[in-house]
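Student: I need the structure of the sequence given here:
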Amino acid sequence: MTGVQKHSEPVDIVYLWVDGADPVWRNQRKQAYAAWVRQHPGALAAFGNAAGRYRDNGELLFNLRALEKFFPNHGHVYIVTDGQTPRWLRPSSRVTVVDHGALMPAASTQVFDSGHIESYLHHIPGLSERFLYLNDDVFFGAPVDPGWWFGEHLKVFAEGMPIAHYTELQPQGTALVNASIQSGQWLSQHYPKYRHDPRIFSHAPRPMLKSAALELERIAPALFAQLRSTTFRSWQIPPIVPDLLPRWMVHVGHAEQRTLNPLHINSGDLRAEQQLGALLRKFGKLPFFCINDTCDEAADDDLRLLRIAHTLQKLLPEPSPFERPHHEFKTAIRFQPVSTFEASIATEKPRLVA
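Tutor: Model (predicted):
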């Protein structure tokens with residue numbers, strides 16, 4: 001198949017979500033990591049088990065508000081979770097919570113590696129052929145035209161700056177760097193005319209075709225099987241969906257690669273306050289943006305995290321139909337009254353924390 005076939009059915013939306021503050025889940029993660037690290041010393045990927053990777057800062061609630069604001073004609077919403085359901089989520093025929101145990105083989109349900117979990121997304125029962133996969137920290141920031149995202153070819157986005165052209169996986173490299181390296185190795189072996197572009201793909205909404213993901217799984221069974229053996233993110237076993245899948249779709253004609261530097265905010269960055277100011281000014285004109293939790297082991301009431309929650313509340317104050325009416329929003333991040341919050345920020349001592 002070359003190019004993207006025309007479809008009249010809606011575009012479904014898929015999220016991964018976890019409440020890292022849940023004491024039961026947190027204890028399970030602690031025990032699983034203690035066992036895993038004994039069996040796999042030195043295998044943990046960079047930032048592979050940081051608290052920030054699992055922290056719920058309210059992103060999903062605001063992500064659904066942005067989805068309803070900018071893409072109200074989307075299809076069904078699937079939220080893939082590990083035995084959890086957001087307390088604020090209103091039961092609806094428009095949303096399905098998919099438990100890991102219903103999606104992955106029973107022997108692999110205790111998984112803390114998002115790369116492993118997302119390798120099954122195209123097997124969600126009832127999922128449409130066309131769907132958008134979003135991490136909950138990637139938000140739409142302007143009206144969505146599904147024809148632009150899918151059109152003749154899917155749109156996939158690579159970052160502007162190239163990375164070093166490594167030939168071997170890097171123990172200290174991030175998951176995305178190692179994913180690029182693995183993709184270059186595999187594609188070069190299977191497609192003699194392939195030429196690797198050493199850059200990583202942006203944190204962006206990921207347009208996907210269920211049939212294309214199934215085809216890649218068919219022709220790369222060893223990579224999928226290897227990834228599905230992980231419990232925590234390993235530098236030796238990079239993810240497939242963020243890199244190999246879009247590269248392969250570009251190479252075989254399903255997708256086109258574009259270079260775009262969207263607004264990407266790291267909560268632990270010293271420039272985060274200025275970047276959030278830019279977000280407030282540009283909101284409504286950004287195709288998408290990312291607010292990445294890089295505060296790692298910071299306390300849940302860290303002012304840098306409160307600043308993120310405060311900004312999202314200002315951007316998206318109106319509840320979506322996915323929320324329970326008059327719910328009390330509870331998460332690791334506690335909202336403060338605007339005046340109290342802004343006063344606390346004004347008196348905050350500068351901290352050189354990345």
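Student: spit out the contact partners of Met104.
Tutor: Contact analysis of Met104 by C-beta atoms under 8 Å, 6 or more residues apart in numbering lists Val111, Ile117, Tyr120, Arg228. Placement of C-beta: from N, CA and C, glycine included.
Student: export those to CSV and tack on pLDDT, neighbour count and secondary structure?
Tutor: Putting those into CSV (pLDDT from 0 to 100; neighbours: other C-beta atoms under 10 Å; DSSP: H, G, I helix; E, B strand; the rest coil) gives the following:
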residue, pLDDT, neighbour count, secondary structure
Val111, 94, 18, coil
Ile117, 96, 24, helix
Tyr120, 98, 22, coil
Arg228, 96, 20, coil
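Student: which of those lies closest to Asp136?
Tutor: Of all these, Asp136 sits closest to Ile117, with 13.1 Å by C-beta to C-beta.
Student: coming back round to it: which of the contacts of Met104 sits closest to Leu270?
Tutor: Closest approach between the contacts of Met104 and Leu270, by C-beta to C-beta: Ile117, at 32.1 Å.
Student: so Pro325 belongs to a strand, correct?
Tutor: No. In this structure, Pro325 is coil, not part of a strand, as judged by DSSP: H, G, I helix; E, B strand; the rest coil.
Student: against Arg90, how distant is it?
Tutor: 8 Å (C-beta to C-beta, to the nearest Å).
Student: same question, Ile265
Tutor: 29 Å.
Student: neighbour count winner among those two?
Tutor: Between Ile265 and Arg90, Ile265 has the larger neighbour count (other C-beta atoms under 10 Å), namely 21 against 15.
Student: check which helices and strands the helix or strand in which the more buried one is found sits against.
Tutor: Per DSSP states H and E: Ile265 is located in strand 263-266. Strand 263-266 sits against helix 272-282, strand 286-292, with contacts defined as 3 or more C-beta pairs under 8 Å, 6 or more residues apart in numbering; DSSP states H and E.
Student: save the ones you listed as TSV, and put in mean pLDDT and distance to Glu159 too.
Tutor: As requested, these are exported to TSV (pLDDT from 0 to 100; distance: least, C-beta to C-beta, whole Å):
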stretch	mean pLDDT	distance to Glu159
helix 272-282	91	16
strand 286-292	90	11
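Student: looking at those, which is closest to Ala107?
Tutor: Of all the helices and strands packed on strand 263-266, strand 286-292 sits nearest to Ala107, with 31.6 Å by C-beta to C-beta.
Student: between helix 272-282 and that closest one, find me the angle.
Tutor: Put simply, strand 286-292 runs at 160 degrees to helix 272-282, going by axes from the mean of the first three to the mean of the last three C-alpha atoms, to 10 degrees.
Student: where does the protein dip in pLDDT?
Tutor: The model of the chain has pLDDT under 70 over residues 1-7, 261, 296-298, 300, 327-354.
Student: what residues are bridge-paired with the spatially most central residue of it?
Tutor: With distances taken as C-alpha atoms, centre = their mean, Asn135 lies nearest the centre of the chain, 2.3 Å away. Note on Asn135: beta-bridge partners by DSSP bridges are Leu16.
Student: and it, what is it in contact with?
Tutor: Residues near Asn135 by C-beta under 8 Å, 6+ apart: Tyr15, Leu16, Ser114, His203, Cys290.
Student: return the member of those nearest to Ala179.
Tutor: Ser114 (12.1 Å).
Student: now the closest one: how far from Ala45?
Tutor: Taken as C-beta to C-beta, the span from Ser114 to Ala45 is 11 Å.
Student: which residues are common contacts for these two?
Tutor: What both Ser114 and Ala45 touch, as defined by C-beta under 8 Å, 6+ apart, is the set Arg233.
Student: those two: which is more packed in?
Tutor: For Ser114 versus Ala45, neighbours defined as other C-beta under 10 Å are more numerous around Ala45 (27 against 19).
Student: against Glu118, how distant is the more buried one?
Tutor: 15 Å.
Student: do you know how far Gly277 is from Asp137?
Tutor: On the measure of C-beta to C-beta, Gly277 and Asp137 end up 19 Å apart.
Student: who's more crowded, those two?
Tutor: Per other C-beta under 10 Å, whichever of Gly277 and Asp137 has more neighbours is Asp137, with 20 against 11.
Student: the more buried one and His203 touch, don't they?
Tutor: Yes. The pair Asp137 / His203 is scored as a contact, 7.5 Å apart, by C-beta atoms under 8 Å.
Student: shared neighbours of the two, anything?
Tutor: Common neighbours of Asp137 and His203 (C-beta under 8 Å, 6+ apart) are Cys290, Asn292.
Student: pop out the phi and psi values for Asp293.
Tutor: When read as degrees, to the nearest 10, the backbone of Asp293 gives phi -80, psi 100.
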